[in-house]
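Participant: A structural model of the following input is requested.
(one chain, ligands or ions: 3)
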Amino acid sequence: MADQNTPDSNEVREIRINPIVPSESVLVATARSMRPKKAEELAPRDTRKHVETCPFCRGNEHKTPPVILSWPAEGDWQIRMVENLYPVLGDDRAQAGFTFGLQQTIDGYGRHEVIIDHHEHGIAVHDMAESHLAALFGVYQARMKQLFESDERLKYVLVFKNFGPAAGASIPHTHSQVIAMPVVPENVDAEVKNSAAHYAKHHHCIFCALIDEALTFEATLYDRTSGAVRRKINVGQYVVERGEKFIAIKPFASRYEWEVHILPLVHQADFLDVRAEDLDDLARVMKRTMARLDAVIGGAQYNFFLHSVPHSGSDSKHGVPHDRTRGEYAASYHWHLEICPRTSIPTGFELGSGLFVNTINPEQAAERLRAVEL
Ligand SMILES: [Zn+2]
Ligand SMILES: [Zn+2]
Ligand SMILES: [Zn+2]
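Facilitator: Ligands and ions are numbered 1, 2, ... in the order given. This is a model prediction of the structure:
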């Protein structure tokens, strides 16, 4: 265990258990021998405002699949949502899933849509106006709500963004995606169930407890025999950005070197419950967090995605059972946005063991992000 008072205090090698989903753990190994993992290439930022041949740029609206919504509704659009030309899930198949031996399939029923985040082709998230980002979050909300209300077979609506080819972005124009699916994704399900189990035992939301710790908790661990300081923990060191209503924190067991999560400070299970006036603060925290990440790892490819409480319908076959609806998880689950920059390529060790290796001490990563002057 590294002693913060010795010269090698920066070196950490330990397995950290994800407090929300204990079956997920991360090896934080900052020793030289673990470095460098092969670095993921930076995605060249295409800063052009308009590209004649880009189907997502203004003036080329006829080149996209049918439009679902535009914002604002009148005049030049700032944000535009269209169907996906190559959907992962579609609504054209009527057959149910089948089971054969150990092979199970669930019907690939769902929706896959694209949100053109901004009319400017290559604008980065941290360069978008706060009011624009707030409107973008509003569009996410509006579409999630419409999808849940339109079809009770849809159990989960995942909103996410990919930036850079290694992060899965195939079109360079800034965009996010919405996938509505007939199952609750396994990682969301694990968060939902584990936080519910925590709530049943401790009567508080584990995400709220982590935020409280992040804001207040400090501890010193002493060696039992010598009495020397083994480790100082100042959990406040995980805070990256703080707004009035939202906070950006560096998870203690971060899978990715520069992973940051944004959460509402006051308990809230459902992203759909964020009030319109609070979206401004969310936009501000998001913009500042992305600016910090850009200052430290500019050009890194990344994904971000929203995890919100599932709205399970009447079908108890898949995902969260029907008797545990969004209402039942309202006290135990806490929605959040996970930002996962891809700065290194996973190795055989990671794929084979399922253990993520993080080569940067999360406390130091948070410190570097916090130190950026905005
Ligand atoms: Zn474009
Ligand atoms: Zn909470
Ligand atoms: Zn999550």
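
Participant: I'd like the mean pLDDT over stretch 231-249, please.
Facilitator: Per-residue pLDDT over stretch 231-249 has a mean of 87.

Participant: what strand or helix carries Leu293?
Facilitator: According to DSSP states H and E, Leu293 maps onto helix 279-297.

Participant: give me the helices and strands touching that helix, please.
Facilitator: helix 130-150, strand 239-242, strand 246-249, strand 260-264, strand 336-342, helix 362-371 (3 or more CB pairs under 8 Å, 6 or more residues apart in numbering; DSSP states H and E). From N, CA and C alone the C-beta is placed, and that goes for glycine too.

Participant: make JSON lines out of these and add mean neighbour count.
Facilitator: JSON lines is the format used below for the helices and strands packed on helix 279-297 (neighbours: other CB atoms under 10 Å):
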{"stretch": "helix 130-150", "mean neighbour count": "18"}
{"stretch": "strand 239-242", "mean neighbour count": "21"}
{"stretch": "strand 246-249", "mean neighbour count": "24"}
{"stretch": "strand 260-264", "mean neighbour count": "24"}
{"stretch": "strand 336-342", "mean neighbour count": "22"}
{"stretch": "helix 362-371", "mean neighbour count": "18"}
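
Participant: for Arg45, find the nearest of these.
Facilitator: If you check each of these against Arg45 by CB to CB, strand 336-342 wins as the nearest, at 13.9 Å.

Participant: contact partners of that closest one?
Facilitator: 40, 164, 166-167, 207, 255-263, 286, 289-290, 293, 297, 300-307 (CB atoms under 8 Å, 6 or more residues apart in numbering).

Participant: got a list of what Ala124 touches?
Facilitator: Ala124 touches 45, 174, 290, 294, counting by CB under 8 Å, 6+ apart.

Participant: quick one: secondary structure of the residue nearest to the last one when sequence neighbours are not counted?
Facilitator: Closest residue to Asp294 in three dimensions, ignoring its sequence neighbours and counting by CB to CB, 6 or more residues apart in numbering: His126, at 5.4 Å. Using DSSP: H, G, I helix; E, B strand; the rest coil, the secondary structure recorded for His126 is helix.

Participant: what is the neighbour count of His126?
Facilitator: A total of 18 residues lie near His126 under the criterion other CB atoms under 10 Å.

Participant: pretty sure it contacts Val296?
Facilitator: No: at 11.9 Å, His126 does not count as touching Val296 under the criterion of CB atoms under 8 Å.

Participant: list residues touching both of the two?
Facilitator: With contacts taken as CB under 8 Å, 6+ apart, His126 and Val296 have no neighbour in common.

Participant: just flag the most distant two among the contacts of Ala124.
Facilitator: Thr174 and Asp294 (13.7 Å).
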